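# A structural model of the following input is requested.
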Amino acid sequence: MRYAREDYVADVELPADRWRWFRTIDDLFDLVASAQSQSALVRVTFDEQYGYPRTIYIDYVADLVGDEVDMKVTSVRPIH
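I've put the predicted structure just below:
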């Protein structure tokens, strides 16, 4: 996992002790299902080999700025 903010010159590796702050693959499926149940605009692409969400875009309220969720899964590893 990496921090990827606009004001960073480069991505910064996230220490393993902070991984708990981020979503698991199961959490991503739950996020998508929850947004769909709320009639949000949801766009998802799935990994062709394993079927997990690769990219997720959610817009909960079309006329509201800043409520969007935009995620990209760049790599997957088992949690120990």
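
# how about the helices of this protein, start to end?
With helices called from DSSP state H, the chain shows them at 25-37.

# Where does pLDDT dip in it?
1-13, 79-80 (pLDDT under 70).

# Go again with 50.
1 (pLDDT under 50).

# tell me, what residue is most central in it?
For the chain, the residue nearest the mean C-alpha position is Met71 (3.5 Å; Cα atoms, centre = their mean).

# Point me to the residue sitting farthest from the middle of this structure.
Largest separation from the mean C-alpha position in the chain: Asp63, at 21.8 Å (Cα atoms, centre = their mean).

# Can you pull the phi/psi pair for that one?
Torsion angles at Asp63 (phi, psi; degrees, to the nearest 10) stand at phi -90, psi 10.

# Please list all residues in contact with it.
Counting by Cβ atoms under 8 Å, 6 or more residues apart in numbering, Asp63 touches no other residue. (Glycine included, C-beta is placed from N, CA and C.)

# ok, and for stretch 43-57, which residues are buried?
Within stretch 43-57, the residues scored as buried using 16 or more other Cβ atoms under 10 Å are 44, 53-54, 56-57.

# Quick check: the two most widely separated of these?
With Cβ to Cβ as the measure, no two of the buried residues of stretch 43-57 lie farther apart than Arg54 and Tyr57, at 11.4 Å.

# Now for Val32: which residues touch it?
With contact taken as Cβ under 8 Å, 6+ apart, Val32 is in contact with 42, 44, 53, 56, 58.

# That concludes my questions; thank you for your assistance.
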